[in-house]
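Enquirer: sequence plus the predicted model coming up.
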Amino acid sequence: MSNLDLFTDAEPAPVEHLGTHAYVLRSFAQPGHDLLAGVEAVVLDAPFRHMVTPGGYTMSVALTNCGRLGWTTDPSGYRYTAQDPLTGRPWPAMPSAFAQVARAAARAAGFDSFEPDACLVNRYLPGARLSLHQDKDELDYSAPIVSVSLGMAATFLFGGKTRSEPTAKVHLRHGDVVVWGGEDRLRYHGVAPLKDVPHPLLGAQRINLTFRKAG
Ligand SMILES: O=C(O)CCC(=O)C(=O)O
Ligand SMILES: [Fe+2]
């Protein structure tokens, strides 16, 4: 199935600008994308776990990865690895539905030929949060970040190039996709503590898929 097959019967996603090269694509990921089945398959092979930051803090967000490379953190630092440190096996392959929606969203935001080699899968339960950070463990900043929200709504914080700049507060719902790249690639961002408003399909959780070109 081509990308076009996936999107022909969908309304074009309304686009909101968060910056020159930063966009929210509302309802871009449709339920027919089979993304939820993909998450289930990934988690069977590489379960969600709470990782520890170099500062010794256990993350409230549980995470796993799929694709050639996966993002990890432990007391010795942040890095991408080809193997899941929990199982010693390669990270599960990126489901084709994941890669298709990531490429299509990147293209819709003006980033042609995005080929993600890493997909970080984050799971937020009520109260979980992600503090302000930059995605900067990737080798090449010319590729954008594509971030897909599933399940419970969240307040995404999108700041500037320094931590102290004010943040825009963006309400992200099931199916919304945020893409940032170009001059906005290193903008600080995070997620406010998740409110407990269960989602009809996913219940009391939010799943976020973050696609990167890491290697
Ligand atoms: O959950 C989100 O919307 C953002 C996730 C994120 O920034 C990350 O995984 O680096
Ligand atoms: Fe991030």
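Expert: Good, I have the coordinates. Ligands and ions are numbered 1, 2, ... in the order given.
Enquirer: for this structure, which spans come out with low pLDDT?
Expert: 1-13, 31-33 (pLDDT under 70).
Enquirer: and the longest helix anywhere in the chain, what's buried?
Expert: Criterion DSSP state H: the longest helix present in the chain is helix 96-108. Across helix 96-108, burial judged by 16 or more other CB atoms under 10 Å covers 97, 98, 99, 100, 101, 102, 103, 104, 105, 106, 108. Just so you know, the C-beta spots here come from the backbone N, C-alpha and C atoms, and that holds for glycine as well.
Enquirer: what's the answer for stretch 53-69, then?
Expert: By neighbour count with 16+ other CB under 10 Å, stretch 53-69 contains the buried residues 59, 60, 61, 62, 63, 64, 65, 66, 67, 68, 69.
Enquirer: what's the spacing between that stretch and its chain's center?
Expert: Computed by CA atoms, centre = their mean, to the nearest Å, the separation of stretch 53-69 from the middle of its chain amounts to 12 Å.
Enquirer: mind checking the end-to-end distance for it?
Expert: Distance between the two ends of stretch 53-69: 19 Å, counting by CA to CA, to the nearest Å.
Enquirer: do the same with stretch 201-210
Expert: End-to-end distance of stretch 201-210 (CA to CA): 20 Å.
Enquirer: returning to what we had before: among the buried residues of stretch 53-69, name the ones in strands.
Expert: 62, 63, 64, 65, 66 (DSSP state E).
Enquirer: ok, residue 77 - how many residues close by?
Expert: Number of residues near residue 77 (other CB atoms under 10 Å) recorded here: 10.
Enquirer: got phi/psi on it?
Expert: The phi/psi pair for residue 77 (degrees, to the nearest 10) reads phi 140, psi 180.
Enquirer: which of the three states applies to whatever residue of the chain ends up closest to ligand 1?
Expert: Using CB to the nearest ligand atom, the closest approach of the chain to ligand 1 is made by residue 208 at 3.3 Å. Applying DSSP: H, G, I helix; E, B strand; the rest coil to residue 208 yields a three-state assignment of strand.
Enquirer: near ligand 1, from the ones in strands among the buried residues of stretch 53-69?
Expert: By CB under 6 Å from any ligand atom, no member of these lies near ligand 1.
Enquirer: if we can go back for a sec, which residues pair with the residue nearest to the residue of the chain closest to ligand 1 when sequence neighbours are not counted across the strands?
Expert: Among residues not flanking residue 208 along the chain, residue 122 sits closest, at 4.3 Å (CB to CB, 6 or more residues apart in numbering). Listed by DSSP bridges, the beta-bridge partners for residue 122 are residue 63, residue 208.
Enquirer: the host helix or strand of residue 171 pairs with which strands, and in what direction?
Expert: Residue 171 belongs to strand 168-172 when assigned by DSSP states H and E. Strand 168-172 has its sheet partners listed here by DSSP bridges as strand 154-158 (antiparallel).
Enquirer: and the partner strand, how far from the chain's centre?
Expert: Averaging C-alpha positions (CA atoms, centre = their mean) puts strand 154-158 12 Å from its chain's average.
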